[in-house]
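J.: Please work out how this folds:
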Amino acid sequence: MAGIVDSHTHLHSFALKGLLDQTLEAASEAGLERLVTVGTDTDDWDVYAEMAEKYSQVDYTVGIHPCSVETGWDRGFGLIEAFWSRNLKPVALGEIGLDRFHLPRGDEAAAKRIFELQVAACEAQLQLAKKLDCPVVIHSRGAFEECVELIDASGVDWSKVVFHCFSEGPGEMKQLLDRGGFGSFTGVITFKNAESVREAAKLQGLDRLMIETDAPYLAPMPKRGKPNEPAYLTYTAAYCAELFGVSLEAFAEKTTATATAFYGLR
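T.: Residues are numbered from 1 along each chain as shown. Predicted coordinates for the structure are as follows:
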């Protein structure tokens with residue numbers, strides 16, 4: 001099989017547990033060619049930059065995840081642009097966006113305040129992405145329409161935008177396609193109750209598809225419920241190849257080409 005790209009993973013947790021080398025080795029043995037490890041807050045950006053320097057198969061991104069946004073987020077934001085002055089630059093800004101799922105429950109005022117902070121952080125990071133003319137990784141949970149509106153208003157080039165862990169349906173996918181954006185799919189696409197996600201993937205088409213683990217989260221069938229790892233991307237790839245009616249080799253070739261072009265992988 002041609003090598004495949006994990007277009008969105010989080011390697012920090014494996015590094016903290018002393019499991020990074022064996023995780024990367026298992027990924028390589030499973031056929032993974034590249035891994036894009038995605039920044040979420042100031043505590044993982046330098047870790048990922050150093051990781052990408054050390055491991056040729058690893059690329060990294062930098063961004064403030066909506067669940068990491070709190071009062072004073074702008075201090076961290078002020079550190080982001082400098083990463084694009086490094087010899088080994090991030091391949092995207094992200095993940096950024098909006099998340100209603102993790103807002104406080106039973107405290108409407110607190111939820112409103114936090115969501116407003118998320119919006120402000122997302123707007124600022126979109127403007128920076130526009131300035132840097134770099135790809136953007138969007139996290140959208142319970143806030144798809146608002147994310148689309150913010151991106152529209154920002155003037156960011158939609159061909160540089162990917163909604164990671166796309167878990168919406170074909171209607172939302174059409175909105176991305178109409179604008180030139182991308183959706184990337186996790187192991188969720190293998191779940192029995194994810195028919196709308198599969199329909200969205202088919203609407204986007206194999207020529208625009210990217211797949212990811214979002215490890216250590218969202219392990220695909222038959223590993224659902226267990227901690228995810230990059231090597232498990234092969235289960236998602238095999239499932240999707242069957243979904244699209246193509247060989248695993250052809251699926252790997254198509255998705256690798258898309259991820260490589262989108263992120264500008266070296």
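
J.: Got the phi and psi for the closest residue to residue 214 other than its chain neighbours?
T.: Nearest residue to residue 214 in three dimensions, chain neighbours excluded: residue 186, at 4.8 Å (C-beta to C-beta, 6 or more residues apart in numbering). For the C-beta atoms, the positions are set from N, CA and C on the backbone; glycine is no exception. Backbone torsions of residue 186, given as degrees, to the nearest 10, read phi -100, psi -170.

J.: Distance of residue 186 relative to residue 7?
T.: 10 Å (C-beta to C-beta, to the nearest Å).

J.: any idea which helix is longest in this protein?
T.: helix 108-132 (DSSP state H).

J.: Please identify the buried residues of it?
T.: For helix 108-132, the neighbour count (16 or more other C-beta atoms under 10 Å) marks 114-115, 117-119, 121-122, 124-126, 128-130, 132 as buried.

J.: thinking again about what came up before, the residue nearest to residue 214 - how many residues pack around it?
T.: 27 (other C-beta atoms under 10 Å).

J.: do the same with residue 234
T.: By the criterion of other C-beta under 10 Å, residue 234 has 19 neighbours.

J.: Pretty sure it sits against residue 30.
T.: Yes - judged on C-beta atoms under 8 Å, residue 234 makes contact with residue 30 at a distance of 4.9 Å.

J.: In the stretch 1-150 of the chain, mark out all the helices, start to finish.
T.: 12-16, 20-30, 42-54, 73-80, 108-132, 144-154 (DSSP state H, counting those that start in this stretch).

J.: residues of the one helix or strand residue 237 maps to that come out buried?
T.: Residue 237 belongs to helix 233-244 when assigned by DSSP states H and E. By neighbour count on 16+ other C-beta under 10 Å, the buried set for helix 233-244 is 233-237, 239-241, 244.

J.: and if you look at stretch 221-232?
T.: Buried residues in stretch 221-232, counted by 16+ other C-beta under 10 Å: 221, 223-224, 228-232.

J.: Cheers, nothing more for now.
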